[in-house]
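Chemist: Provide a 3D model corresponding to the input given below.
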Amino acid sequence: MSGGHALYLDVGGLSTHAWVRGSGPPLVVVPGLGCASWMYVRLTRELARSRTVYVYDPPGHGHSDGLRHLPDCIEQLTDHLAAWLETAGLRGVPIFGHSLGGEVGFDLAARYPQHVGALIACAPTGIPENPSVSAQLVRLLVDLPRERIGLLVPALRAYSRCGVRRMLKLAQDQDNHDTGRLLSRIRAPTLLVNGMSDSVVRLWTVDAIRKAVPSAYVCEIKGGTHALPDVFPRTVARYTLDFLEAVGQ
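Modeler: Numbers count the residues shown, from 1 in each chain. Model (predicted):
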């Protein structure tokens, strides 16, 4: 990637990478399942016009180290993110989470409320009523041909780096991770960004999250697929920046 610099920090004995670009108040981007920092170049280019953007690579993702047993569940992802925010001096900043990164953001806002200034959840997973892992994978396969062709190679590179075993373990943990129980505890200002043509996260899923999170706002993007940050980077960035300005973040 260009237009920024790599930041490596030791967190719990793991070398943890984030790509940093832009200037202004900080904003942390948390990738989706199996995704990596290099898949969010188009979004961060827009956000970096008025923010210092940190695109965090979770353990075992992107350029960050992982262990065979870490992470195996969503709570481990959340705990590591919280520790990384402390180490980076970014506790209490806005968090932008995409897909599973949105679910990690919900978990963080509920269990580590002091770590989240505001939360933007883009095409988020996050309620137990999501379909089985196999059904989600079928939906993802249906969605892939509709995404920007330029995202295919970076996505395959990221998934290969993360590995099938880790991705399946984290996906399966959605059945055990009762985010629905935690959503009502979220007090951080929250924006849900939803693609109306997303075949992975359906409209009713986002509506259920909105009803569970006190005072959550929803922005819908007509024709938006699951890879909203890549396909509609300017629109997603505009919604994000306008929201953060409105809530004083």
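
Chemist: Assess the claim that V200 and P124 are in contact.
Modeler: No: taking Cβ atoms under 8 Å as the definition, V200 is not a contact partner of P124, at 10.5 Å. Yep, even glycine has a C-beta here, placed from its N, CA and C like the rest.

Chemist: Look up the residues that both of the two are in contact with.
Modeler: When contacts are counted by Cβ atoms under 8 Å, 6 or more residues apart in numbering, V200 and P124 have S99 as shared neighbours.

Chemist: the bottom helix or strand of this protein by mean pLDDT?
Modeler: Lowest mean confidence among the helices and strands of the chain (mean pLDDT, DSSP states H and E): helix 133-143, at a mean of 60.

Chemist: which residue ranges form the helices in this protein?
Modeler: Using DSSP state H, the helices found in the chain span residues 41-47, 74-88, 100-111, 133-143, 152-162, 164-172, 179-183, 203-212, 228-231, 233-246.

Chemist: Quick one: distance of the third one to the chain centre.
Modeler: Put plainly, it is helix 100-111. Mean C-alpha position of helix 100-111 versus that of the full chain (Cα atoms, centre = their mean, to the nearest Å) differs by 9 Å.

Chemist: what's it packed up against?
Modeler: The helices and strands touching helix 100-111, judged by 3 or more Cβ pairs under 8 Å, 6 or more residues apart in numbering; DSSP states H and E, are strand 26-30, helix 74-88, strand 93-98, strand 116-122, helix 179-183.

Chemist: just the helices of the chain: most buried one?
Modeler: Among those, helix 100-111 has the highest mean neighbour count (mean count of other Cβ atoms under 10 Å), at a mean of 26.

Chemist: what is the rounded mean pLDDT of it?
Modeler: If you average the pLDDT over helix 100-111, you get 95.

Chemist: what's the answer for stretch 69-85, then?
Modeler: The average pLDDT within stretch 69-85 is 94.

Chemist: what about the longest strand in this protein?
Modeler: Scanning the chain for the strand with the most residues, using DSSP state E, yields strand 14-22.

Chemist: mind listing what V201 touches?
Modeler: Neighbours of V201 in contact, by Cβ under 8 Å, 6+ apart: 99, 123-125, 194-195, 226.

Chemist: If you could redo that for S15, that was the one I meant.
Modeler: Going by Cβ under 8 Å, 6+ apart, S15 touches 8-9, 64-65.

Chemist: For it, give its distance to G66.
Modeler: The span separating S15 from G66 equals 10 Å under the rule Cβ to Cβ, to the nearest Å.

Chemist: Could you do D57 as well?
Modeler: Computed with Cβ to Cβ, the distance linking D57 and G66 is 10 Å.

Chemist: and what of D10?
Modeler: Distance from D10 to G66, by Cβ to Cβ: 14 Å.

Chemist: Between those two, which has more neighbouring residues?
Modeler: G66 (20 against 11; other Cβ atoms under 10 Å).

Chemist: How about the contacts made by the residue nearest to the more buried one when sequence neighbours are not counted?
Modeler: Here the nearest residue to G66 in space, its sequence neighbours aside, is G60; by Cβ to Cβ, 6 or more residues apart in numbering that works out to 2.5 Å. Contact partners of G60, counting by Cβ under 8 Å, 6+ apart, are 66-67, 70-71, 162-163, 166.

Chemist: nearest to V53, of these?
Modeler: V53 lies nearest to C162 out of the contacts of G60, by Cβ to Cβ, at 21.5 Å.

Chemist: Show the model's pLDDT score for the closest one.
Modeler: pLDDT, C162: 93.
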